[in-house]
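S.K.: Could you work out the structure for the sequence below:
(chains A and B)
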Amino acid sequence: MDSMTPNILSILIWLPILGGILILSTGGDRNAQLARKIALGFSVGTFLLSLSLYADFDITTASMQFVERYQWIESLHIQYFLGVDGISMPLIILTTLLTTIVVIAGWEVITKRVAQYMASFLIMEGLMIGVFSSMDAILFYLFWEAMLIPMFLIIGVWGGSNRVYAAIKFFLYTLVGSLLMLVAIIYLYFTSDHTFNIASFHATPLTYTTQVLIFLAFFAAFAVKVPMFPVHTWLPDAHVEAPTGGSVILAAITLKMGAYGFLRFSIPITPDASSELAIWVIGLSLIAVVYIALVALVQRDMKKLIAYSSISHMGFVTLGFFIFDTQGMEGAIVQMISHGFISGALFLCVGVLYDQMHSREIDSYGGVANAMPVFSVFLVFFAMSNAGLPGTSGFVGEFLVILGSFRVNGWYAAVAGLTLVLGAAYTLWMIKRVVYGEITNEKVKALVDVNGREKLVLGVLAVCVLGLGIYPMPLLEVMHSTVENLLQHAAISKL
Amino acid sequence: MKVIYLLVPLACLVAAIIAGFWGAKIGNSATHRITITGVGLSFVLSVVVLFDVLDGHSFNGSIYTWGTSGGVSFEVGFLIDHLSAVMMAVVTFVSLMVHIYTIGYMRDDPGYTRFFCYIALFTFAMLMLVMANNFLQLFFGWEAVGLVSYLLIGFWFKRESAVAANLKAFLVNRVGDLGFILGIAAVMYLFGTLDYSAVFSAASEKQNAVVTGVLGYEWSWITLICLLLFVGAMGKSAQVPLHVWLPDSMEGPTPISALIHAATMVTAGIFLVARMSPLFELSTTASSVILVIGGLTALSMALVGLVQNDIKRVVAYSTLSQLGYMTVALGASAYSVAIFHLATHAFFKALLFLAAGSVIIALHHEQDMRRMGGLRRYMPITYITSVIGSLALAGIPPFSGFFSKDAIIEAVHHSNIPGAGLAYAAVLMGVVVTAFYSFRLIFMVFHGEPRMDKQARSHLKESPWVVTVPLVLLAIPSLLSGGFLVESVLGGHFLGDAVAQGPSAGEGDHLTAVGLMTHGFLAAPLWLALGGVFLAWIFYVRVPSLPGNVSQRLSLIYRILHRKYGFDQFYQWLFASGGVRLGEWLWKRADIALIDGFAVNGTANMVGWFSRVLKRLQTGYVYHYAFVMIIGVVVFLSWGLWS
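M.R.: Numbers count the residues shown, from 1 in each chain, chains lettered A, B, ... in the order given. As a prediction, the model looks like this:
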């Protein structure tokens, strides 16, 4: 339980932020190459350090590990309190890996304001790790809100033509939800002997009505972030306008923060309201799986299609949480990690095409396999993973969630299982129109296959997807204790 | 032995990986040498395993723990018994033949190494499927063969029709898989494990478990599980109404039509039911459904085969029909008979496809039988092997198909569960039709006057040895395997205790092959088959004008068969176009108009409107503010005085 490196979580949070500030100090684009190298160094370093979390992790306990606890603002009882468990630890490693990949992926593609671009991602990395490791609600809230700023800038500065609308929509949508969460946190401060310690929130008794109100306040914040139907409409716009790296981080990590919030706040703080209102969450999740999949089917823009696909896949995550079943919840967490790899990889693939063609329209492609055979292998592979093919990580989560939800109600499993057909339909139909067929136009003919840098990032993600699909045990076993503990806690009434 | 079990699939996997990653670098002939060595090794080891199993050894054990969750351990492991050993031998043998044949068939194709990578990968996946000792791994293999099938149907990815066919195949299979995965979830719910032996040994005590509320009825859990699993089998084994993908899969190169879409992958559904026979034995309802579906498929698809002119499509519809026969055997609880027919069919159908491929390359990718004819003079080996395959398919003794088909007909004849009568009538009528279309093909392709153009005729010659040797090697078991195996099948020890013994197993008094043949001459099926061959001779050799006249007379029936009962059009309208229309509607009406337009932007507009109203109050004129202040003071004062 004791870490080899003291204060490892603080290092993981502040090292990339420090790196980001350092990069900013390199100034304008004259020093772009230096900015890139610093970004690479810091992101790789953070990633390697984060692996020690896995190595030193004790899988037998559900309590917080690598804990750091200091008084911060004593008059308000706010603490600098960090720690991770079997749910947050994998998410932190996902964050550090994906940030490294985004830095490499943006290497030659970003030519304007390179330093600011790289710095934004590194600072965001630190903030996201902060979200996943905060054990104090105010600290959590600060990281949670601070993260909006670099993402807002990434969309607003390096984004597409309609970036301002998308950035503001993203910002307002999430901010409105978050403010309600802040109200709930402050309320909990007063009911729980004046502390912002999340663990004490878990133990605070609450009446049913209070629980419902607090649940709804948190729900507003997390449902927007996931996003769940019907508050999902910011995501397609944000993805379409965001640069590739922004889309990757948005889909792979920030969506997971909403899901993580359900596990850290909603379910343990308001167990009675959660189980009482679960039927509604399940309903919205199933709508997401089916309705959003149908909407994804008719998208003309590849990024929009993948964005809708993300919403549909996240429906599996929230379904898995709110059936209160071990297999369901573990499946949902695996789905979070897996979706990080797969959606990230798919956005990178679209980025590879976009960089050359400057179009995301499915119709402007066709016959890409003729010009880019290696790229096509990657794209088909990730598409199959997105369709939940066994042997890839996409299958593990869906399978466990279907097993779990069948136990609760066969119809949940049947509706969720429709994703087998619909997910394959929208993904492979896109593949058919983009990858296969004769070359449709001169621009496609001129496409150049992936270079070494692109092969590296896609290859790393492919190994992750395949590894997790063939042998998910290393991921599953770190979460057993935590999930069991959470479900036991959720089963105890606070009334 | 465990090392040998592991080597069987891994040899194929390693070969596939080498071919996939380094095929382009090491060149075509090195690639095919490596993959053939891999698959050849698998075949030899499979034979070793088969003899070991016949010696009475079996194995059931885990290789590694895939994952654990909720107290359940998910394993990857092997179950080696008669059933899996027979399947392993059949799969690796046909695969090896197809590998060798491919050298000739794909010689000039730019995707040569990719093709070898795919077929070796397929063999690996199929072996993992048949060797599985639990439902999860079965599903892994199941989907993996589906993936390779997708890749191979769309192998010539520049062809629009090929990439349409592979998408269709994958999606239709996914509909079946939905049933399959729900069936697995139901097994997990009822038994708490996915391990075959644990599930089967607990099956009888769960026989009376019922579930209420599914479609308003009270169901036995076992029936529900069996039906869900069978939906999966229907997808993969192309049973009506999920059969529509198989004819289109002929867009793929012919070797894979033989390997995947005739001999092995499509029979995975049959294997599934045989493997789950301890469950299916407990549900008469499920067996009845299987009988009816199988009977419908057997007859209706054979009828469509009558009107096809594309040589591969004739063989494809005959595959559909024969899969129906196997399904009927499963419904009649004659599981070992179904696997028997699966094995003989694998040989003669792979033979027929490869022979068709031999004809197709000889004619430079001509597939229309109306432009063939008289080929027996040019391609004697292809001709003779095709005739052997067709005789086996038609069920003429002593060819293998006679014994396996006769055993099916006998089994369904003895079955007395609901639906058996219908299935019996269907398979009997199917015999005539099968014999007719098989020999229609033989007569149209190999007899009569050559109808191809002069230039094509001048190039006609027998295919090279890499093509003909597999034909001959497949013709041998097509001829002999039936008589060789039939006694042990009917004696009930062909698959040992790997499958449940249905009530009709071990039936009959004519247990020797010769006895069965003499008996055959007294029974209806053989005469029906001979009648079918004779009719084909009349139609296509004796009176060649007859087919045209008959199709005009029976133009309605002809049109129905020609349009394949309209399944494709109906599915296109309902699911493909319907799904897109629904998606468009939801996207435009709900997402864009309602949520974004009304709720999100509506809120934004409302805020904007309020701020415009409030802005008017902030005029900046001191006398406005002073006026408001005075009003405020007056209001406060009067309120104070009032109370």
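
S.K.: distance between stretch B:615-622 and the chain's centre?
M.R.: 77 Å (Cα atoms, centre = their mean, to the nearest Å).

S.K.: do the same with stretch B:572-580
M.R.: Worked out by Cα atoms, centre = their mean, stretch B:572-580 lies 23 Å from the chain centre.

S.K.: And for stretch B:156-173?
M.R.: The answer for stretch B:156-173 is 15 Å, by Cα atoms, centre = their mean.

S.K.: Identify all contacting residues around it.
M.R.: Contacts of stretch B:156-173 with the rest of the structure, by Cβ atoms under 8 Å, 6 or more residues apart in numbering or on different chains, involve A:367, A:369-370, A:421, A:424-425, A:428-429, A:432, A:435-438, B:111, B:146, B:149-151, B:153-155, B:235-236, B:242, B:244-246, B:248-253. Every C-beta, even on glycine, is put in place using the N, C-alpha and C of the backbone.

S.K.: Please apply the same query to stretch B:93-104.
M.R.: Under Cβ under 8 Å, 6+ apart, the answer for stretch B:93-104 is B:12, B:32, B:35-36, B:39-40, B:42-43, B:46, B:115-116, B:119-120, B:122-123, B:126, B:255-256, B:258-259, B:263-264, B:346-347, B:350, B:354, B:357, B:361, B:463-464, B:466-467, B:469-471, B:473-474, B:477.

S.K.: So, low pLDDT: which residues of the chain?
M.R.: Here I'm looking at chain A. Along chain A, segments meeting pLDDT under 70 span A:1-5.

S.K.: sorry, should have said chain B
M.R.: In chain B, residues with pLDDT under 70: B:213, B:502-511.

S.K.: Downstream of the helix ranked longest in it, the next helix or strand is which one?
M.R.: Counting by DSSP state H, the longest helix found in chain B is helix B:160-191. Next along the chain after helix B:160-191, taking DSSP states H and E as the criterion, comes helix B:196-203.

S.K.: Please state the backbone phi and psi of B:Trp66?
M.R.: Main-chain dihedrals, B:Trp66, degrees, to the nearest 10: phi -70, psi -40.

S.K.: Under a three-state scheme, what state does the nearest residue to it once chain neighbours are set aside occupy?
M.R.: Closest residue in space to B:Trp66, ignoring its immediate chain neighbours: B:Phe74 at 4.5 Å, by Cβ to Cβ, 6 or more residues apart in numbering or on different chains. Following DSSP: H, G, I helix; E, B strand; the rest coil, B:Phe74 is assigned to strand.

S.K.: Now the stretch 101-250 of chain A against chain B: closest residue?
M.R.: Closest to chain B within the stretch 101-250 of chain A is A:Thr233: 4.7 Å, counting by Cβ to the nearest Cβ.

S.K.: Buried subset of the contacts of stretch B:156-173, written for ChimeraX?
M.R.: Selection of buried members from these for ChimeraX, criterion 16 or more other Cβ atoms under 10 Å in any protein chain shown:
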select /A:367,369,370,421,424,425,428,429,432,435,436,437 /B:111,146,149,150,151,153,154,155,235,236,242,244,245,246,248,249,250,251,252,253
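
S.K.: can you tell me which of the contacts of stretch B:156-173 are in helices?
M.R.: Among the contacts of stretch B:156-173, the ones falling in helices (DSSP H) are A:369-370, A:421, A:424-425, A:428-429, A:432, B:146, B:149-151, B:153, B:235-236, B:245-246, B:248.

S.K.: Now do the contacts for the single nearest residue of the stretch 251-400 of chain B relative to chain A.
M.R.: Across the stretch 251-400 of chain B, the shortest distance to chain A (Cβ to the nearest Cβ) belongs to B:Glu251, at 11.9 Å. Applying Cβ under 8 Å, 6+ apart to B:Glu251 gives the contacts B:Ile153, B:Gly154, B:Trp156, B:Arg159, B:Ser161, B:Ala162, B:Ala165, B:Asn166.

S.K.: The same query, at a cut-off of 7 Å, please.
M.R.: B:Ile153, B:Arg159, B:Ser161, B:Ala162, B:Ala165 (Cβ atoms under 7 Å, 6 or more residues apart in numbering or on different chains).

S.K.: wait, doesn't A:Phe378 sit right on A:Leu458?
M.R.: Yes - between A:Phe378 and A:Leu458 there is a contact under Cβ atoms under 7 Å: 4.6 Å.

S.K.: from what I can see the residue of the stretch 101-250 of chain A closest to chain B touches B:Asp596, true?
M.R.: Yes - counting by Cβ under 7 Å, A:Thr233 touches B:Asp596, with 4.7 Å between them.

S.K.: Just want to know which of these two has more residues nearby.
M.R.: In terms of neighbours (other Cβ atoms under 10 Å in any protein chain shown), A:Thr233 is the more surrounded of A:Thr233 and B:Asp596; the figures are 22 against 19.

S.K.: Might you report the residue contacts of that one?
M.R.: Contacts of A:Thr233 by Cβ under 7 Å, 6+ apart are B:Asp591, B:Ile595, B:Asp596, B:Val600.

S.K.: Out of the residues you listed, which are close to chain A?
M.R.: By Cβ under 7 Å from any Cβ of the partner chain, the members of the contacts of A:Thr233 lying near chain A are B:Asp591, B:Ile595, B:Asp596, B:Val600.

S.K.: Now distance to A:Gln65 and secondary structure too, for those residues, in a markdown table please.
M.R.: Below are these laid out as a markdown table (distance: Cβ to Cβ, whole Å; DSSP: H, G, I helix; E, B strand; the rest coil):
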| residue | distance to A:Gln65 | secondary structure |
| --- | --- | --- |
| B:Asp591 | 42 | helix |
| B:Ile595 | 41 | helix |
| B:Asp596 | 43 | helix |
| B:Val600 | 41 | helix |
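
S.K.: From those, list just the buried residues.
M.R.: Among these, the ones that count as buried by 16+ other Cβ under 10 Å are B:Asp591, B:Ile595, B:Asp596, B:Val600.

S.K.: Got phi/psi on A:Asp301?
M.R.: Residue torsions, per degrees, to the nearest 10, at A:Asp301 are phi -100, psi 130.

S.K.: what are the bridge partners for it, then?
M.R.: With DSSP bridges as the criterion, A:Asp301 is bridged to A:Glu361.

S.K.: Now the element after whichever strand or helix holds A:Leu216, going C-ward?
M.R.: Using DSSP H and E, A:Leu216 maps to helix A:208-225. Using DSSP H and E, the helix or strand that follows helix A:208-225 in sequence is helix A:234-241.

S.K.: The following helix or strand past that next one packs against which elements?
M.R.: Downstream of helix A:234-241, the first helix or strand assigned by DSSP H and E is helix A:244-249. Helix A:244-249 makes packing contacts with helix A:88-105, helix A:114-133, helix A:148-158, helix A:326-357 when contacts are defined by 3 or more Cβ pairs under 7 Å, 6 or more residues apart in numbering or on different chains; DSSP states H and E.
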